[in-house]
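Undergrad: Give me a 3D structure for the following:
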Amino acid sequence: MGSEQYEFDYIYEKTGKYPAIRGLDYMNDDFDGVNRRAKEWHDRGGIVTICWHCGYDFTGSWDECMKTVRNDWDLALTEGTPEYEKLIAGMDKAAKALKELKDQNIPVLWRPFHELDGGWFWWSKGGADNFKEMWRIMYRRYTEYWELDNLIWVLGYSGNGRGYDNWYPGDEYVDIAGADSYNDGANQKLYILVKRVVGDKMPVCFHECGRIPTVKQLKDGKAGWVWFMTWHTEHIVDGNRTSDLKEIYNDDYVITLDELPPL
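TA: This next block holds a predicted model:
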């Protein structure tokens, strides 16, 4: 299970298909490794999505996401302060990496600050208003200063299903909205809640899950997620029966790597 390709080899072995989308994570400052894997996947014709587990100083991984707390939101979100400059410097680490992908003509489904309303990661512990302003700062910094026009901005709600509209930064800052859940099934309720926020203005995705919904569940529940993304390793291997994987990846309802048009 140490191979970078483990999940994909496993899925292909069980289904004869590869996923259309590969999920990556800039955690632990692994910008070079993630970009290399992103290019490899893009060169195979696949779609890349990237998230970023890190602490409030934009270093570390999942532990830092959970355990660090920002207590200086007002200063950090005020242009011209030392705290603001540190915030920008931290954000710029990923911007530099994403610029490398832009220079290689690689589009990215960019999913920062995921599970934004959950209350467990530092970016949501400061409340909705601080989150929304930080999202807008990152968006403007990346699109205006870094000119990152290769990013498709994915706003990822948690499975809490409460107060989604309070956390929405605005149509001009979001390209795709979605939710995640590790509860089984199509999670139609979450789909409906996201749709209530964004309407028909943009696609809605199931950006993170454990067990993949069956095609029947998706159709019966009328949950029109544009994609699902299973979390890594044991969630794929232990959380999904091989018979279900084979059925899902070979159903006409699901688009796999070999069926994608040239990007």
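Undergrad: Where is the longest helix in the protein?
TA: With DSSP state H setting the assignment, residue counts place helix 82-103 as the longest helix in the chain.
Undergrad: elements contacting that helix?
TA: Packed against helix 82-103 by the contact rule (3 or more CB pairs under 8 Å, 6 or more residues apart in numbering; DSSP states H and E) you find helix 31-43, helix 73-76, strand 108-110, helix 128-140. No exception for glycine: its C-beta is placed from N, CA and C like everyone else's.
Undergrad: Go again with 10 Å.
TA: Judged by 3 or more CB pairs under 10 Å, 6 or more residues apart in numbering; DSSP states H and E, the packing partners of helix 82-103 are helix 31-43, strand 47-51, helix 73-76, strand 108-110, helix 128-140, strand 151-157.
Undergrad: Compare the ones you listed and report which one is nearest to residue 185.
TA: Comparing those against residue 185 with CB to CB, the closest turns out to be strand 151-157 (17.1 Å).
Undergrad: could you point out which element follows the closest one?
TA: Of the helices and strands lying after strand 151-157 in sequence (DSSP states H and E), the nearest is strand 176-181.
Undergrad: what about that next one, distance to the chain center?
TA: Relative to the centre of its chain, strand 176-181 is centred 8 Å away, using CA atoms, centre = their mean, to the nearest Å.
Undergrad: Switch the helices and strands packed on helix 82-103 over to JSON lines; also include mean pLDDT, mean neighbour count and distance to residue 216.
TA: Listed next are those as JSON lines, based on pLDDT from 0 to 100; neighbours: other CB atoms under 10 Å; distance: least, CB to CB, whole Å:
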{"stretch": "helix 31-43", "mean pLDDT": "98", "mean neighbour count": "17", "distance to residue 216": "29"}
{"stretch": "strand 47-51", "mean pLDDT": "98", "mean neighbour count": "23", "distance to residue 216": "25"}
{"stretch": "helix 73-76", "mean pLDDT": "98", "mean neighbour count": "17", "distance to residue 216": "45"}
{"stretch": "strand 108-110", "mean pLDDT": "98", "mean neighbour count": "23", "distance to residue 216": "26"}
{"stretch": "helix 128-140", "mean pLDDT": "98", "mean neighbour count": "18", "distance to residue 216": "36"}
{"stretch": "strand 151-157", "mean pLDDT": "98", "mean neighbour count": "23", "distance to residue 216": "25"}
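Undergrad: closest one to residue 20 among these?
TA: Across the helices and strands packed on helix 82-103, closest to residue 20 is strand 47-51 (CB to CB), at 5.6 Å.
Undergrad: the inter-axis angle of the closest one versus strand 176-181?
TA: Calculated by axes from the mean of the first three to the mean of the last three CA atoms, to 10 degrees, strand 47-51 forms an angle of 70 degrees with strand 176-181.
Undergrad: Give me the helices and strands touching strand 47-51, please.
TA: Using 3+ CB pairs under 10 Å, 6+ apart: strand 47-51 touches strand 21-25, helix 31-43, helix 82-103, strand 108-110, strand 151-157, strand 204-209.
Undergrad: again, only using 8 Å
TA: Taking 3+ CB pairs under 8 Å, 6+ apart as the contact cut, strand 47-51 packs with strand 21-25, helix 31-43, strand 108-110.
Undergrad: Given it, what are its sheet partners and their directions?
TA: Applying DSSP bridges to the sheet, strand 47-51 is found paired with strand 21-25 (parallel), strand 108-110 (parallel).
Undergrad: Format those as TSV; extra columns: distance to residue 96.
TA: Formatted as TSV, the strands paired with strand 47-51 follow (distance: least, CB to CB, whole Å):
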stretch	distance to residue 96
strand 21-25	16
strand 108-110	14
